[in-house]
Structure formats: structure tokens, C-alpha cells
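Novice: Show me how the following folds:
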Amino acid sequence: MPDGPAFLDETVPDLLDGERIDRALSTLVPCSRSEAADALAAGHVRVGDRVVTKPSHRVAAGDHLVLDEDPIRREEPVVADAEVELTVLHADDDIIVVDKPAGLVVHPGPGHKGSTLVHGLLARFPDLDPATGTLVGEPDRPGLVHRLDRGTSGLLVVARTPDAHASLVEQLSTHAVERTYTALVRGHPEHRHGVIDAPIGRSRRDPLRMTVAADGRPARTHYRLEHQFHSEAGPGDGTDRPAEVALVTCNLETGRTHQIRVHLASIGHPVVGDQLYGGPERRPHVGRPFLHARQLSFVHPGTGDEVTFTSPMPADLAAVLDRLRPPLDASERAHVGA
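Specialist: Numbering: from 1, shown residues only. Below you'll find the model as predicted:
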């Protein structure tokens, strides 16, 4: 819970007894129901001691309702920043394909006030700037149709026109976009391939974490075991036994927040380097989640052709693979993008 005073700390009045919580918040603040829904999804709303994330939750007269942050959007213009380093793999009149480095936040948001991938995009592609060009998507997320976590590297597609944006959003919603990731996980999965079909929602104990939850949003991740390894020689975790790790390929049907990380942790194989879902860092040492978006396929919104883009394994992750036993041979390294 935040250290400072809550933005709203009230008892639900009789007038709002039985009302949906998003409507109750829009009445009490006041704010829009969309802004209330965003505050709920971000874990900023509590009824009593329980974090509530679903807009459809019904409040009762006398409930203690707490809203930690101001939900009203006061948008600040996103200013181009040419200092942001990013690799553009492809650009045409309709789309931009970016190879995002690990550590770069994709778009502005609560808790991050510095430059993001969006700031770098505006510097290279001024037509994306809502202040001077056509608005594509949301003002603080121009052109974006999906995102990657800060610690995840790899491929993103960005729309340059409203029509391209609508096409890509539709393809994502119908699972027509193929998103392929490489992950190194702890342990050796029992099955060589499988589907993790488990809904994901925000944790009620920690709003910064996602979790498998019966009342969460549907989520499906396909995984395939590629290689099994032992960590590099030397003691780890206080023992002389090398840790077992495995390289897996994941394909997303849905795109929930932290989906691959949550799903793999839920079956007992968290992503190596993921301190949020995998606990303290152990051998092999990575410094960030070993997760790379290596391939992206979709129908080009301008030409109608199916296109595929690939990203090689970043140097920091390739170095980890080089230390594992047995090492990958040249053909295997090419298969996983190393």
C-alpha cells in the first residue's frame, strides 16, 4: 500500500448500495468510468483490505472504499527524444517493426517519467506525433498495438496510419498474429510441449504482480521444450550441484500482462532471471528475465501479404547460453536466434 494519503477514502453511501464499483468511483471522484476501470486494473482500488480489479464488482452501503491515486488522466504531450536507442528492422508507409532492447520501457505510464520507446519513435518518425500528424491510437501511445515488458527484448510492430492500427488490433484480437518467444526456465519440464490455459488477473496481495486467478482474463500460452542444460560449473545456491535449466519456445494466443512469466511460473518453471515471479537470482546469473521476442508474423495491413520478422538472440542472453552444459552447436544456436 502507498505510504502517503489516499486520493479517496470514503464509506460507500446508501445511494450507491449495490452499484458497480466503476460507477461508484465515477460518482464519488468524479471521473469517467474508463478512468475508474484503469485505476481498478492498475490495482489502485481497495474495498476494506481487499484490492478490487473488476469494474463489475458490486459495492455495499458502508463499505470502506479507498482509491490510492488520482484516476483522472491529465495527459502531457509526449516529446520526441533522439537520444533513445532503438533498432528499426523495417519501416514503410503503414508499419514500423522495432527490435526493442531490454531495459527500455515501451510507453509512458505511472511510475515512469523518463523517456520511452515512444519518445524515440517520435524522433525518427515525426508523422506519429499526435500534435503534428494524424492520431494513431492513444495520444501517449501513438501507433502501439502491443507491448513488451521492460526487461524483455525483441520485436514490436507499430502502426503508422489509423487503418493499419485497426487491422493490427483486429489481428491480435483474433489471434492471427504469431508471436514467438525464447525463454530459459528453471528445471526440466516433464512434457516436451504443452498448452498452459489459465486465466490471469492482478494479485490481491500485491497489485504489482499478476497471478493465475479463476476470475482473471482468459490466457493461453503454448510451449515447446528445445534443450535441457545444467548451469555453468561451480557452486550455486549453497550446493555443489549445478542447477537444471531448459530452453523453451513460447507462442502466445493472448497477450495478458506478464503472461509468459506468470504461466511458466505457475507450472513450476519460472523464467531464469525473473525476480518478480522466480524469487532471488540464482545460477545462471542473467540480470533480467531471460525472455526474448524472437519472431513476429502477421498480415501486412497495406499489402495483404503475410510477413515475418526475426530478431537474433541479444548478446547478454547468448553469453548465458554459452556457459551452459552441454553447449548448443551452430545449427541449434541458429534455431533459437542466438
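Novice: Skipping adjacent residues, who's closest to D17 in space?
Specialist: In this structure, D17 finds its nearest non-sequential neighbour in A61, 3.8 Å apart by C-beta to C-beta, 6 or more residues apart in numbering. From N, CA and C alone the C-beta is placed, and that goes for glycine too.
Novice: can you tell me how far that neighbour sits from D14?
Specialist: In this view, A61 and D14 are 5 Å apart by C-beta to C-beta, to the nearest Å.
Novice: hang on, L317 in a helix?
Specialist: Yes: applying DSSP: H, G, I helix; E, B strand; the rest coil, one finds L317 inside a helix.
Novice: Touching, G137 and R147? I think so.
Specialist: No: with contacts counted by C-beta atoms under 8 Å, G137 stays clear of R147, the gap being 11.7 Å.
Novice: Who has more neighbours out of these two?
Specialist: For G137 versus R147, the count of surrounding residues by other C-beta atoms under 10 Å is larger for G137: 20 against 17.
Novice: For that one, list each beta-bridge partner.
Specialist: Note on G137: beta-bridge partners by DSSP bridges are P142.
Novice: So what's the predicted local confidence for R141?
Specialist: For R141, the model assigns a pLDDT of 87.
Novice: With C31 instead?
Specialist: pLDDT at C31 comes out at 86.
Novice: Walking through the stretch 201-338 of the chain, point out its helices one by one.
Specialist: 259-266, 275-278, 315-323, 330-335 (DSSP state H, counting those that start in this stretch).
Novice: Tell me which other helices or strands the longest strand belonging to the chain touches.
Specialist: Criterion DSSP state E: the longest strand present in the chain is strand 220-230. When contacts are defined as 3 or more C-beta pairs under 8 Å, 6 or more residues apart in numbering; DSSP states H and E, strand 220-230 sits against strand 193-197, strand 244-252, helix 259-266, helix 330-335.
Novice: Kindly confirm whether my reading is correct that V52 touches V45.
Specialist: Yes: under the criterion of C-beta under 8 Å, V52 makes contact with V45 at 5.3 Å.
Novice: Who has more neighbours out of these two?
Specialist: Taking other C-beta under 10 Å, V52 and V45 do not tie; V45 has more neighbours (28 against 20).
Novice: Give me the distance from stretch 144-162 to the chain's centre.
Specialist: The chain centroid and the centroid of stretch 144-162 are separated by 10 Å under C-alpha atoms, centre = their mean, to the nearest Å.
Novice: Ignore what I typed, I meant stretch 39-59.
Specialist: With C-alpha atoms, centre = their mean, you get 21 Å for stretch 39-59.
Novice: Can you name the residues in contact with stretch 64-72?
Specialist: 1-2, 6-12, 21, 24-25, 28-29, 31, 35-36, 38-39, 42, 44-48, 59, 110 (C-beta atoms under 8 Å, 6 or more residues apart in numbering).
Novice: and the top helix by length along the chain, what other elements does it pack with?
Specialist: Looking across the chain with DSSP state H, the single longest helix is helix 162-173. If you count contacts as 3+ C-beta pairs under 8 Å, 6+ apart, helix 162-173 packs onto strand 153-159, strand 291-299.
Novice: Fine by me, we can end here.
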